[in-house]
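# kindly return the folded structure for what I paste below:
(chains A and B)
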Amino acid sequence: MSDSGREGPESSAEEAYREEHRFVDEAVGSKMTAVLAGDFEVVEKEAGLFSDAWKQVRRRKLFWFSAVLIGIFTLMAIAPALFTLPSPATHDPRECSLRNPETGEFQDLLQPSSEHWFGTDIQGCDYYARVVHGARVSIIIGIGGTLLLSFIGLIAGGTSGFYGGWTDNVISRIVDVLYAFPFIIAAILFLNLVAAETGRNAWHVLLVIGVFGWPTLSRIFRGAVLQAKEKEYVEAARALGASNNRILFRHVFPNAIAPALVFAMIGVGGIIGAEAALSFLGVGLQLPAISWGLMIANSQDRIATDPFLIFFPGLFLSLTVLGFLLLGDVVRDALDPRNR
Amino acid sequence: MPDVVRYTARRLLLMIPTFIGATFLVFFAGFALPGDPIAALGGERSMSESTRQQLIERYHLDEPVWQQYFRYMGDVLQGDLGVSILRRREVSDIFKEVFPRTVKLAGLAIAIEIVMGLSAGVLAALKKDKFLDQLVLVSTTFAVAIPVFVLGFAAQNIFAIRLDIFPIGGIQDGAWSYVLPAFVLATLSLAYVARLTRTTLSESLNEDYVQTAKAKGLPQSRVVGRHALRNALIPVVTFIGLDLAGLLGGAIITETVFNIPGVGRTIVQAIGTRDHAIVVGLSIAAVIVYLVISLVIDLFYAVLDPRIRYE
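Purely as a prediction, here's the structure:
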């Protein structure tokens, strides 16, 4: 046990080991000891699942590539000034001028140049500053929305799988309803409802995404809980008189969380895409908010003349989604026991 | 097979609460949209209190929501989706006009998914960890990462504006106008189909019965086509079926980018014009299409894979 990196006899693996042996020796006999001890090897491995996964993940180039992508865009969301500082144009996305500062002539929709890296838009705003400032909304909604939908999904799926019976039936029917109700139609209808008078902000979009986005994660977690609760170590813990709560949080939850975790990581990218799509359709964020989806929506008529207005926000959006997608892929490979 | 009958009956019963729940949500959200329906009924001009009262009575707007809902659903089950006052047309007529466009788009997209996705997946599984496999993995990752509307504009810019092969949007060019949107719509699912086929096929290639077939000296085409692929395809077929069910509900984003007046585009436009009847009618039609097709897929799946327990 010393190489497991844990100290003290209170670690859960040791405790489970002692519990299992006591149960086995008293009740079943020596033959079952061997079987259960064999099974225990798996338990021990799963207890270290995440440290094992980390060891495997950090050797992969793809992981570092995705980490760098996510790092850059998260930093951009927190401190956009860091990114606009080296640009020779204005650093304020809302400080726009239609006059050339030197000649005083009117100008808009400048093509990308050394002065305006990403050109200027129809109001003469520096497009680079606007695209950089667009990261914040995407990251907030992507991560916040995922946290909210994971929270709802874990509670719903966990309750459903662990307790079964009528609770499971009710939750499963709600999940069915939300599945039959296409997500994008749901989001469009309810975003039109909330804050129709006051105007929508990022929190409204985040809320609607969280409330309608949880069914898939709930189904995944329910399935994993159903599998985990049939395992021998759960039976052993129950025989020892462990409470339902203890079994759920100590034994079932840690062994069932991996697939939901992977789904959530990939989901961040999906939600960032969804926010942009909703803003593009005109039901997400509204002007004067700065969002990549809005920028693309406002430029769609200029696709023939000024495609750069769509290209740059589209590029940043795709790279952000790619980062979370790759991270989820790499983590899934590491957590999937079939790949060992 | 009484088991199949019992399974079908059970699935149908389970569909009832789902159907009621989903349609009620649409009904509730659709009619709660901002805008005064009575003002719309009266032609958006001022009206006397007695006219207003008569309109409320005529359209049963004084009843509680759930009563209005059941009244409305009774009509829907008889094929009546309501009347759009703005467009002066039956919503079921509008549905008959726009649904075929959505079907064309979805059908073409599914065909592209099957042909390209399956071949890419099979090739990747056969050449696992070789260059071709890596190429499929990398390209599908990018395909998933680019949001549909960004991909749509990129395709418009390259294939419609620069190369001038396809029309940029609309449906004036008949079937030809659906090709580019269908490719854009198919990309995401195509990537999933390719990856799913790759995973399931490379797993089933390692199964004992496939190894036996190989050991018997059967040619590779027969080993793969006859023994490995058949089992590997079951989850892929399910995915494609559910995807079809979703796409028939209206590919809102693709239809918007390419200006195709299908179900999705019409719903979005109706939200803009506050045409509640169209929003609710078409959304409920979409939900019904989705539920029916996913039921068919589910039953088909049970027939396809005898290992499924009819529980």
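# let me know the pLDDT of the residue lying closest to residue A:229 once chain neighbours are set aside.
Nearest non-adjacent residue to residue A:229, counting by Cβ to Cβ, 6 or more residues apart in numbering or on different chains: residue A:252, 5.3 Å away. Placement of C-beta: from N, CA and C, glycine included. For residue A:252, the pLDDT comes out at 82.
# and residue A:252, that one's in a helix?
Yes - remark: residue A:252 belongs to a helix, assigned using DSSP: H, G, I helix; E, B strand; the rest coil.
# surely it and residue A:162 touch.
Yes - using Cβ atoms under 8 Å, residue A:252 is in contact with residue A:162, at 6.3 Å.
# ok, residue A:190 touching residue A:213?
No - with contact defined as Cβ under 8 Å, residue A:190 and residue A:213 do not form a contacting pair (12.0 Å).
# that older thread, next, the contact list for the residue nearest to residue A:229, please.
Counting by Cβ atoms under 8 Å, 6 or more residues apart in numbering or on different chains, residue A:252 touches A:162, A:225, A:228, A:229, A:234.
# now the residues you listed as a markdown table including neighbour count and distance to residue B:190?
Below are the contacts of residue A:252 laid out as a markdown table (neighbours: other Cβ atoms under 10 Å in any protein chain shown; distance: Cβ to Cβ, whole Å):
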| residue | neighbour count | distance to residue B:190 |
| --- | --- | --- |
| A:162 | 20 | 37 |
| A:225 | 26 | 33 |
| A:228 | 22 | 34 |
| A:229 | 20 | 37 |
| A:234 | 18 | 41 |
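# where does the residue of the stretch 1-150 of chain A found nearest chain B land in three-state SS?
Taking Cβ to the nearest Cβ, chain B has its nearest neighbour within the stretch 1-150 of chain A at residue A:62, 9.4 Å off. Following three-state DSSP, the label given to residue A:62 is helix.
# what's around it, how many residues?
Counted by other Cβ atoms under 10 Å in any protein chain shown, the residues lying close to residue A:62 total 14.
# so who does it touch?
A:326, A:329, A:330.
# quick check, the first one in contact with residue A:70.
By that I understand residue A:326. No - Residue A:326 lies out of contact with residue A:70 (Cβ under 8 Å); the separation is 9.0 Å.
# and for the two, which residues touch both?
Joint contacts of residue A:326 and residue A:70 (Cβ under 8 Å, 6+ apart) do not exist.
# overlap of the contact sets of residue A:252 and residue A:162?
Contacts common to residue A:252 and residue A:162, judged by Cβ under 8 Å, 6+ apart, are A:225, A:229.
# check what pLDDT residue A:215 gets.
88.
# what's the separation between it and chain B?
Counting by Cβ to the nearest Cβ, to the nearest Å, the gap from residue A:215 to chain B is 12 Å.
# run through the residues that contact that residue.
Contacts of residue A:215 by Cβ under 8 Å, 6+ apart are A:153, A:174, A:175, A:178, A:179.
# and it, what are its phi and psi?
Main-chain dihedrals, residue A:215, degrees, to the nearest 10: phi -60, psi -40.
# same question for residue B:215.
phi -70, psi -30.
# likewise for residue B:90?
According to degrees, to the nearest 10, residue B:90 has phi -70, psi 140.
# quick check, pLDDT for it.
On pLDDT, residue B:90 comes in at 83.
# name the nearest residue to it, sequence neighbours excluded.
Using Cβ to Cβ, 6+ apart, the closest residue to residue B:90 is residue B:83 (5.8 Å).
# run through the strands of chain B in chain order.
Using DSSP state E, the strands found in chain B span residues B:83-84, B:89-90.
# just those: most buried one?
strand B:83-84 (a mean of 19; mean count of other Cβ atoms under 10 Å in any protein chain shown).
# that strand - contacts with which helices or strands?
Judged by 3 or more Cβ pairs under 8 Å, 6 or more residues apart in numbering or on different chains; DSSP states H and E, strand B:83-84 is in contact with strand B:89-90, helix B:91-112, helix B:276-304.
# not counting the first one itself, show me its contacts.
Right, strand B:89-90. By Cβ under 8 Å, 6+ apart, strand B:89-90 touches B:80, B:81, B:82, B:83, B:84.
# go with 7 Å
residue B:83 (Cβ atoms under 7 Å, 6 or more residues apart in numbering or on different chains).
# any idea how far it is from the middle of the chain?
24 Å (Cα atoms, centre = their mean, to the nearest Å).
# try the longest one
The chain centre lies 9 Å from the centre of helix B:276-304; the measure is Cα atoms, centre = their mean.
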